[in-house]
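Trainee: This is a predicted model, with the sequence first.
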Amino acid sequence: MSIQIAPSILAADFANIQKEVEMLNASEADFIHVDIMDGVFVPNISFGFPVMEAIKKHAKKPLDVHLMIVNPDQYLEAFKKAGAEVISVHYEACNHLHRTLQYIKGLGCKAGVALNPHTSVELLEDIIEDIDLVCLMSVNPGFGGQKFIGNTYERVKRLKSIINRKGVSTMIEIDGGVNQVNAPLLKEAGADVLVAGSFVFSSENPLDTIKNLKSIS
Ligand code: DX5
Ligand code: ZN
């Protein structure tokens, strides 16, 4: 199966958000990745509901919402209302992850869990059946445009072997520093979805960049 691509809107030109979303609609992207940062869980603030609603208004692709926030439970319903189709919460931000995942599913969304680079993938062994997507961070969350952390390949392989052993269909998404060099290696290691922000939006032709990422072998 070909890899799925989720361009991160964080790297887009927010003064031209409609144009940027229309470009993604016309592209081969499978999702639009939406990064929500609260200035507490991560040392940066991105944007909130009014901007997300503006994105949703024009989007023809599903919104893959990555919550880099503390206490995500209290905002899940609002993110569903703002147009989320996939909601990922951070493992490190949830004391009752099982309950949070059931809550997300109860809203009719796909439930994702994001893992910081230092968090062992083996910690998901007992909950993997309940996870639709694992968002493996390949940078420390908080900023676009950072350097890819090399041990991610190893982490993808270990996570893939847990998924295979348990016989579940959880997808593996990689987030941070994805480019044309690491994309084929990530696919080979077992990744299903690649998030790409600056690599797509700072390229001369984002449509071609998405197409090329999508067609990696
Ligand atoms: C980082 C975000 C990423 C980021 C990816 O905190 O979660 O989704 O936007 O951007 P690039 O591809 O530029 O690393
Ligand atoms: Zn993200």
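Mentor: All right, it came through fine. Ligands and ions are numbered 1, 2, ... in the order given.
Trainee: what helices or strands is the top helix by length along the chain leaning on?
Mentor: Counting residues, the longest helix found in the chain (DSSP state H) is helix 152-166. Judged by 3 or more C-beta pairs under 8 Å, 6 or more residues apart in numbering; DSSP states H and E, helix 152-166 is in contact with strand 133-137, strand 171-175, helix 182-189. The C-beta positions use only the backbone N, C-alpha and C, and glycine is treated the same way.
Trainee: can I get the CA coordinates of that helix in CSV?
Mentor: Extracted in CSV, the C-alpha atoms of helix 152-166 (Å, rounded to 0.1, in the frame of the first residue of the first chain):
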residue,chain,number,x,y,z
THR,A,152,13.1,6.8,15.0
TYR,A,153,13.7,4.0,12.5
GLU,A,154,14.5,1.6,15.3
ARG,A,155,11.4,2.8,17.2
VAL,A,156,9.1,2.3,14.2
LYS,A,157,10.4,-1.3,13.8
ARG,A,158,9.8,-2.1,17.5
LEU,A,159,6.3,-0.6,17.4
LYS,A,160,5.5,-2.4,14.2
SER,A,161,6.5,-5.7,15.8
ILE,A,162,4.2,-5.1,18.7
ILE,A,163,1.3,-4.3,16.3
ASN,A,164,2.0,-7.4,14.3
ARG,A,165,2.3,-9.6,17.3
LYS,A,166,-1.0,-8.3,18.7
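Trainee: Buried by neighbour count: which residues of that helix qualify?
Mentor: 152-153, 155-156, 159-160, 162-163 (16 or more other C-beta atoms under 10 Å).
Trainee: Relative to residue 28, which of the helices and strands packed on helix 152-166 is closest?
Mentor: Residue 28 sits nearest to helix 182-189 of all those, at 13.7 Å, using C-beta to C-beta.
Trainee: which residues touch the longest helix of the chain?
Mentor: The contact list for helix 152-166 (C-beta atoms under 8 Å, 6 or more residues apart in numbering) reads 117, 121-122, 124-125, 128-129, 134, 136, 138, 169-170, 172, 174, 182, 185-186, 189-191.
Trainee: Just the buried ones from these?
Mentor: 121, 124, 128, 134, 136, 138, 170, 172, 174, 182, 186, 189-191.
Trainee: Show me the two of those that sit farthest apart.
Mentor: 128 and 182 (24.2 Å).
Trainee: Give me the neighbour count for whichever residue of the chain sits closest to ligand 2.
Mentor: Residue of the chain nearest ligand 2, by C-beta to the ion: residue 66 (3.7 Å). Using other C-beta atoms under 10 Å, residue 66 has 27 neighbouring residues.
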